[in-house]
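Novice: predicted model and sequence follow; I will ask about them next.
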12 protein chains.
Amino acid sequence: MKAINPVEVLDTPSDLEEKGREKVAESLNRLVADAFALYIKTKNYHWHMSGRHFRDYHLLLDEQAEQIFATIDPLAERVRKIGGNTIRSVAHIAQLQRVKDNDEDFVAPKDMLTDLIAENKKMAKNMRDAHQIADEAEDVATASLLEVYIDETERRTWFLFETTRELN
Amino acid sequence: MKAINPVEVLDTPSDLEEKGREKVAESLNRLVADAFALYIKTKNYHWHMSGRHFRDYHLLLDEQAEQIFATIDPLAERVRKIGGNTIRSVAHIAQLQRVKDNDEDFVAPKDMLTDLIAENKKMAKNMRDAHQIADEAEDVATASLLEVYIDETERRTWFLFETTRELN
Amino acid sequence: MKAINPVEVLDTPSDLEEKGREKVAESLNRLVADAFALYIKTKNYHWHMSGRHFRDYHLLLDEQAEQIFATIDPLAERVRKIGGNTIRSVAHIAQLQRVKDNDEDFVAPKDMLTDLIAENKKMAKNMRDAHQIADEAEDVATASLLEVYIDETERRTWFLFETTRELN
Amino acid sequence: MKAINPVEVLDTPSDLEEKGREKVAESLNRLVADAFALYIKTKNYHWHMSGRHFRDYHLLLDEQAEQIFATIDPLAERVRKIGGNTIRSVAHIAQLQRVKDNDEDFVAPKDMLTDLIAENKKMAKNMRDAHQIADEAEDVATASLLEVYIDETERRTWFLFETTRELN
Amino acid sequence: MKAINPVEVLDTPSDLEEKGREKVAESLNRLVADAFALYIKTKNYHWHMSGRHFRDYHLLLDEQAEQIFATIDPLAERVRKIGGNTIRSVAHIAQLQRVKDNDEDFVAPKDMLTDLIAENKKMAKNMRDAHQIADEAEDVATASLLEVYIDETERRTWFLFETTRELN
Amino acid sequence: MKAINPVEVLDTPSDLEEKGREKVAESLNRLVADAFALYIKTKNYHWHMSGRHFRDYHLLLDEQAEQIFATIDPLAERVRKIGGNTIRSVAHIAQLQRVKDNDEDFVAPKDMLTDLIAENKKMAKNMRDAHQIADEAEDVATASLLEVYIDETERRTWFLFETTRELN
Amino acid sequence: MKAINPVEVLDTPSDLEEKGREKVAESLNRLVADAFALYIKTKNYHWHMSGRHFRDYHLLLDEQAEQIFATIDPLAERVRKIGGNTIRSVAHIAQLQRVKDNDEDFVAPKDMLTDLIAENKKMAKNMRDAHQIADEAEDVATASLLEVYIDETERRTWFLFETTRELN
Amino acid sequence: MKAINPVEVLDTPSDLEEKGREKVAESLNRLVADAFALYIKTKNYHWHMSGRHFRDYHLLLDEQAEQIFATIDPLAERVRKIGGNTIRSVAHIAQLQRVKDNDEDFVAPKDMLTDLIAENKKMAKNMRDAHQIADEAEDVATASLLEVYIDETERRTWFLFETTRELN
Amino acid sequence: MKAINPVEVLDTPSDLEEKGREKVAESLNRLVADAFALYIKTKNYHWHMSGRHFRDYHLLLDEQAEQIFATIDPLAERVRKIGGNTIRSVAHIAQLQRVKDNDEDFVAPKDMLTDLIAENKKMAKNMRDAHQIADEAEDVATASLLEVYIDETERRTWFLFETTRELN
Amino acid sequence: MKAINPVEVLDTPSDLEEKGREKVAESLNRLVADAFALYIKTKNYHWHMSGRHFRDYHLLLDEQAEQIFATIDPLAERVRKIGGNTIRSVAHIAQLQRVKDNDEDFVAPKDMLTDLIAENKKMAKNMRDAHQIADEAEDVATASLLEVYIDETERRTWFLFETTRELN
Amino acid sequence: MKAINPVEVLDTPSDLEEKGREKVAESLNRLVADAFALYIKTKNYHWHMSGRHFRDYHLLLDEQAEQIFATIDPLAERVRKIGGNTIRSVAHIAQLQRVKDNDEDFVAPKDMLTDLIAENKKMAKNMRDAHQIADEAEDVATASLLEVYIDETERRTWFLFETTRELN
Amino acid sequence: MKAINPVEVLDTPSDLEEKGREKVAESLNRLVADAFALYIKTKNYHWHMSGRHFRDYHLLLDEQAEQIFATIDPLAERVRKIGGNTIRSVAHIAQLQRVKDNDEDFVAPKDMLTDLIAENKKMAKNMRDAHQIADEAEDVATASLLEVYIDETERRTWFLFETTRELN
Ligand SMILES: [Fe+3]
Ligand SMILES: [Fe+3]
Ligand SMILES: [Fe+3]
Ligand SMILES: [Fe+3]
Ligand SMILES: [Fe+3]
Ligand SMILES: [Fe+3]
Ligand SMILES: [Fe+3]
Ligand SMILES: [Fe+3]
Ligand SMILES: [Fe+3]
Ligand SMILES: [Fe+3]
Ligand SMILES: [Fe+3]
Ligand SMILES: [Fe+3]
Ligand SMILES: [Zn+2]
Ligand SMILES: [Zn+2]
Ligand SMILES: [Zn+2]
Ligand SMILES: [Zn+2]
Ligand SMILES: [Zn+2]
Ligand SMILES: [Zn+2]
Ligand SMILES: [Zn+2]
Ligand SMILES: [Zn+2]
Ligand SMILES: [Zn+2]
Ligand SMILES: [Zn+2]
Ligand SMILES: [Zn+2]
Ligand SMILES: [Zn+2]
């Protein structure tokens, strides 16, 4: 598997520089792996949620998981459109993901929310870095796609953050 | 009410610089206030329209009012996502709005259209300035949102402008 | 602006007494102003909500805001159908509104709910008074419209009230 | 055909007084006849419209005709629910209608609008009278139905009236 | 009113012969009048239906009435497209209709069905004659429209006919 | 269970007199119990229908049952909005219902229809009484709701009544 | 009323043994009665809910009530398809139901949830018993229907159970 | 054509025993042939229905025919999924069908219903036998599919049976 | 069964000549039989398709089969509308069909396509002959229906034909 | 490019005479070219419209352009179904089109309408000629398609014509 | 992480034996892991597909991936309903999955299909084993769910298998 | 026609520099012309496609043509919003288009795909150049629009490219 340099067989016709495309593909593949891992973590908490706010948080995390999941196909196909190779397996995801797995048998509801705040904040940062790389490669279509996903990620962070505050 | 510096209690987790976020929040809040004020002015004319083109202009202004109104929640929530405070009341809107109220008992149809051309042209300019501020703060999600609203605002100006011309 | 006597230019053809129509128009315009002001207050709290019930209350207030907003156009156009003039600007709203603005930088979630209970209860009372005025003017169409909005207002009060109770 | 006393065979089980039901049925049947006649007149003008505002007025009158038409079945079935007989033929309509036919080979657009203003204003008056009769018969369901149709009729009058004014 | 020669002011631009268009317009206007009259007769029976099959026949006649009604606007506008004038009033319909009114206070269910069989059979015949006239005028668009309505009319006859047979 | 005086713990904020609200709540709760009982009776006949009109009557009673069922939640929540307690159990329904149960092993189709005519006629009467009580309590929202349900109830009576007549 | 042996008049043509069908019908009728009773209990709590989670639990119980209600018609008609008689009245339900009524004037939110957990757990058990009876009677269609409802019932138990846990 | 042993070329990869799959395929193919034949018989009666209940029975048989038709593709594809061959022609259907054709020039409505009761009862029996064969072959997917179709078939029998009873 | 002269009991009221209607009915019944047979042949190939284009051709034939099937009810009911009898059984179809059955155990994909080209070409020819017969009988509704089906049949031929060509 | 004789490679299987198909294909290709050209001209005016009726005419021309555009694919595929070749490029369109381009920098609104009246009238004539050719070739499917498009074209002419009249 | 014995904290109220539920949960969790892994493998091939059938296979694999993905939430929540813990992370999936990853840089289209045939055949076998375990635990709801997924899995195998055959 | 300098009559009110707007308008008009030309070329191949993949490629090119067509109105109206003139005629397109026409009587399927790859690659390049011009003119709304269309164009190239590879 060519994880570091997935663009070796790049030959989809394109007017963009190959150098830039390689960098964009690499950063997008890591975002795809992160999206998979964060999707599973969010569903983990959706499934093992408990407590007085069970239904409310169960629904919240389902909505957030769906929103994360919906970014995977467009990001992976964006890699293919500029000639790169993309994600191939569970092991491939495990190798590239920056999201930290949490296999604890019990996680308190509030700890679930706090964990997800950190992951989503980190994801927004990583997307902004990828946006910078796309800009430098003059790949405006990739950049435009990321602008939408950054907004969504910041929305998830906002919702989770407000929910953890101790207020009546 | 903290109108000038709404970002004082900014603490939604974010990787963006606080300085830049403050400026973005301030410029967005003024756009929210303008959107409310222009919505009401457009409905004012929608309700008090008269003359041979009554139905045509009544519908035109309803469509334009709906389009303006639809920008309010996304812009205000964008402020919240980057940690700012946003609009709180009618008085708050009155304080921030740059749209000029028109409380005349009678406004001729053509004067309604001419007035709205000026307001929409001004709004496009203000949005472009806010876009510049977002760019400087590296807040690409805000910038992307404004690009869509600028296009819509220019469309409203075009429709209104062509309608005021004396042609057969 | 003719706030006190908006019916001066009343001339839409009607079989109703002018005197009664004047009074109906005046009471409806105040309800339109209140609806705008309560819409903004409800959105204020929707935007600045926080705490463990964030998503639940954020959604509740969005639904209530939408319901309030949906009354504005029918009420304003009802004024026009009986020949009156209606709301023209943010300043006009500020002049007529009976809803009390709340521009505090911080409002605790429970205080938001308590504030809205009071506003909605007051609004139901004002609508009932307007209904009385419409009845006296034999304007049965206005009365019928208000019957539906009174029920909705009482529903908002009920939801908000039950939510503030300290029970497990 | 029993036009004057259609309730002679009244026997649908009902807790309302027969006397009152007779009067309600009679007034509703005249409204059904009027609705048919105004529908045809409005379509007449929809079909023979001409001039610079052709499409705008053609659509306006189609919407108004549809709205009028939609009242016929509910009003006629309301008569049946309280045990009366209702409209039976073109000749029956001609006998009961208060709308004035206009078979002129040419009617100027503005004259069409002016004619319809008068008809709709008259119809609102007739509906209000029928509402009064229903109230006296304690037939609150009929009254409630008419409240909605009166509002629609006043809306048609408003649209038509504003369209006839000479303004730019 | 120009009932006999409605095409006198024919001037919508057309490549068809004026003579033929006159004849087509005349035959279509009679079909429009018949459609109105048969619609009202079918609703008459829909409203005054009774007996063990009440709901079944009430629904059947409602479907048939709707189908008949849906032919009116296309037929009338077809007249306008070839430059003719069309139906203007209840009295105009009464003058042109070939459908026989039935204002009896009581009509037995089976007699309702038998009456409608005869009317629909006659209508199919009249449409086929109009189709012949359109063919001779080379007005293929009118002919094509009638082909669909003839099929629908024959379907109504079939349904009504089978329903009147005494079988178990 | 407080069946007679369910309003004892009335404290939802309201500008209506407590005395009047108590009476409205009591009359509405009986209507809710009746709606449940009539729903079950109508479904009983829907399930045990038989004979040559099986499908037609099976469908008719399903439509009527659905219409009755749809009144339950709005009526019960109306009680809650004015601060009353509402229906709690099957036994509670049995205690309040005025509909007469029919547990016969066999009911002939015509007897089913005749029984339902009587029940619906009685229900319209009870609703009209409740409307009167709401009027006296100045509870216009409750009154308006009942106006719609009275019309529906009278429609059910009409359909059932016409279906029982011996006609061909 | 034949509650114990409702299958006495069993004569819908069937290839299944009468003995087995009797037992299936009997067990299904008890499930129908339970569904009615649990529906009303769940709505009772939906209507009388209170406290900080009002909207969340109000919605939860509405969804659960709707899901329970949707089983009634299919189960009752299943009885009819195999030739049995089914539920006839409120009293009939009261006689067969195994759900325990709760007519307390006040029930704390948590007690509502705890009560419903017990009822739903019991219902799953009863459905599993009925499934066993259907299997023995070779009535695979009834068994298949119950498999879906058992899953739904276990889902309701899970949601209610997680919501009662004291966690943050 | 291999009608008796259609599984000779069975090679779709499967973990099920070939012997069992052969038997399942053979029994399913006979059900597909029966479905075609019963579909055509039901449409035959739909097309040639007559008498006072024409529309009611015409619709009933159309619904039943559609329900039967909808089983054909899933059953035939189920055969293919386990590696068998399925229906190929009209002659193939004629060879396998157990439904008895009825080509009489005239069939009385009641005789149509009686005939279909017998066919549907027989079909339920045949499906139950096929279910048994699938169970023995451990083909749980086929069994599950048949459970749904058995319920539908018993529903058709119930509707037809109740309709033939002589009751008023 | 009266296959040759199905119109013997023709008595649906019609203004068309009986002689012509007999011929139209006879030609339509053969088209109905052909549609059934071609539907089954097309599904045969849909079910037994194989090879690299499996999904593409499987879908193509499903679409074509659905299109063919959709002609059956309108054609058969067209026969009934002009008073003829139509298809009654599988055997009846077998007797009238001109489509050639193909019960081979294996048909290569390309041979499937080639076979269907021939059948569809033949069907277009047969429809055109039936159109001629309808024209001579002045049955313009039947002719109009066939015009649409001829276009669809030629479309099926075109798609199948292009697919058999050896090109890259 | 074979513009004059596109049918040279005609080999889609067909029972129609090759000679006639050649002529039909040639006339249809010219209609396709005209549809493209008239679509662009109508959009030209849609984009460059101006004056007091801007929105009304802008919408009118958009609807008309869409209607014209929707004829292109069916007409071109009709050519392919009878074995002809169809439009290949912008230049091909330019060569075949009979619509006159108008590249003026400024066209007054009324001149736009007048120009389009002439084009649509001419198009109806050309379609009628093509219909004649299809009739002679016994290509009834092509003829039927054109009948619908001729009606639409005459409708466009009517709307445009009435709009140019100087009336109030 | 408790992968082997996830049911240790089983306490959702249930009438099923704990022993059996443990086994069901364990087998379902492996199916969830497999579904994730097969989803990613199928998308891997969807993204890296190439060759003359690109679009056809790209779409096929997208449909199959969606179908696999749709099983994950129901299966995982089924585990929770019977009181087990379910999947928590990418690493957890990697530990439980029986699907073999394929990270090759290049996989020929046919090899993709062949690989997926093997995986889906294996998955059907594993689901059938889980069905057996559920049956033994008397968990009929789990069994019923698996019956549907087994059918879908066999459908995927069939489609893939037929597509790999070398036929023309 | 002012093709080179279409912005001469630029006077829609705008805060953008006239110089920049001129350049943007010019580059957008060429993109509009290209979109028209590539739409027709793609439809040319859609219509004249042939060979074993006929349906698959026919559909692929239809989807791509629709996607290209959907860019025309937004791009042209974007020109108008900034005050430029846009496309007026077929000749105007021919003058501005950079897409190369292909009027060959026969084009092999693979050559069609190869040709379209080149055209789409070129179009992406041209759009990127226009994006650069918009950026320089500070016309962020135009830039944002193009980002979406560039992504779509690269997707078309990817699909077409993978389809031309010789792989099994
Ligand atoms: Fe962007
Ligand atoms: Fe929001
Ligand atoms: Fe952007
Ligand atoms: Fe009212
Ligand atoms: Fe009705
Ligand atoms: Fe025709
Ligand atoms: Fe009311
Ligand atoms: Fe099952
Ligand atoms: Fe099952
Ligand atoms: Fe039909
Ligand atoms: Fe035709
Ligand atoms: Fe879920
Ligand atoms: Zn994809
Ligand atoms: Zn919001
Ligand atoms: Zn409005
Ligand atoms: Zn009706
Ligand atoms: Zn019209
Ligand atoms: Zn509720
Ligand atoms: Zn039912
Ligand atoms: Zn299939
Ligand atoms: Zn049919
Ligand atoms: Zn096409
Ligand atoms: Zn879930
Ligand atoms: Zn446009």
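Specialist: Thanks, I have it. Numbers count the residues shown, from 1 in each chain, chains lettered A, B, ... in the order given. Ligands and ions are numbered 1, 2, ... in the order given.
Novice: dihedrals phi and psi, the closest residue to residue A:53 other than its chain neighbours?
Specialist: Of all residues not flanking residue A:53 in the chain, residue C:52 sits nearest, at 6.4 Å (CB to CB, 6 or more residues apart in numbering or on different chains). Using the backbone N, CA and C atoms, a C-beta is placed for each residue, glycine as well. Backbone torsions of residue C:52, given as degrees, to the nearest 10, read phi -60, psi -20.
Novice: pull the number of nearby residues for residue C:52.
Specialist: Neighbour count for residue C:52, taken as other CB atoms under 10 Å in any protein chain shown: 26.
Novice: that one is in contact with residue A:163, isn't it?
Specialist: Yes - using CB atoms under 8 Å, residue C:52 is in contact with residue A:163, at 6.4 Å.
Novice: from residue K:127, how far out is the closest residue to chain H within chain A?
Specialist: Using CB to the nearest CB, the closest approach of chain A to chain H is made by residue A:89 at 22.6 Å. Using CB to CB, to the nearest Å, we find residue A:89 at a distance of 22 Å from residue K:127.
Novice: compare the two (neighbour count), which wins?
Specialist: Between residue A:89 and residue K:127, counted using other CB under 10 Å, the more crowded position is residue K:127 (27 against 21).
Novice: residue contacts, that one?
Specialist: Residues in contact with residue K:127 (CB atoms under 8 Å, 6 or more residues apart in numbering or on different chains) are K:31, K:146, K:149, K:150, K:153.
Novice: whichever strand or helix holds residue A:146: which residues count as buried?
Specialist: In this structure, residue A:146 sits in helix A:140-164 according to DSSP states H and E. By neighbour count with 16 or more other CB atoms under 10 Å in any protein chain shown, helix A:140-164 contains the buried residues A:140-147, A:149-164.
Novice: taking the mean pLDDT, what do you get for stretch A:48-68?
Specialist: Averaged across stretch A:48-68, pLDDT comes to 97.
Novice: run through who's touching that stretch.
Specialist: Contacts for stretch A:48-68 (CB under 8 Å, 6+ apart): A:35, A:38-39, A:42-43, A:45-46, A:106-107, A:109, A:112-113, A:116, A:152, A:156, A:159, A:163, C:52-53, C:55-56, G:53, G:56-57, G:59-60, G:159, G:162-168, K:80, K:85-86, K:88.
Novice: and if you look at stretch A:160-168?
Specialist: Identification of contacts with stretch A:160-168 by CB under 8 Å, 6+ apart yields A:57, A:60, A:110, A:113-114, A:116-117, A:120, B:12-13, C:49-52, C:54-55, C:108-110.
Novice: what about these, which are in helices?
Specialist: Using DSSP state H, the members of those that fall within helices are A:57, A:60, A:110, A:113, A:114, A:116, A:117, A:120, C:54, C:55, C:109, C:110.
Novice: the last one and residue B:85, how far apart?
Specialist: Relative to residue B:85, residue C:110 is positioned 19 Å away (CB to CB).
Novice: please apply the same query to the fifth one.
Specialist: Residue A:114 sits 23 Å away from residue B:85 when distances are taken as CB to CB.
Novice: which residue of those two possesses the greater neighbour count?
Specialist: residue B:85 (24 against 16).
Novice: give me the phi and psi for the more buried one.
Specialist: Per-residue torsions, residue B:85: phi -100, psi 150 (degrees, to the nearest 10).
Novice: let me know the pLDDT of residue A:11.
Specialist: 73.
Novice: which residue packs closest to it, ignoring adjacent ones?
Specialist: residue A:83 (6.0 Å).
Novice: against chain J, how distant is that neighbour?
Specialist: 30 Å (CB to the nearest CB, to the nearest Å).
Novice: what's the burial count for that residue?
Specialist: 22.
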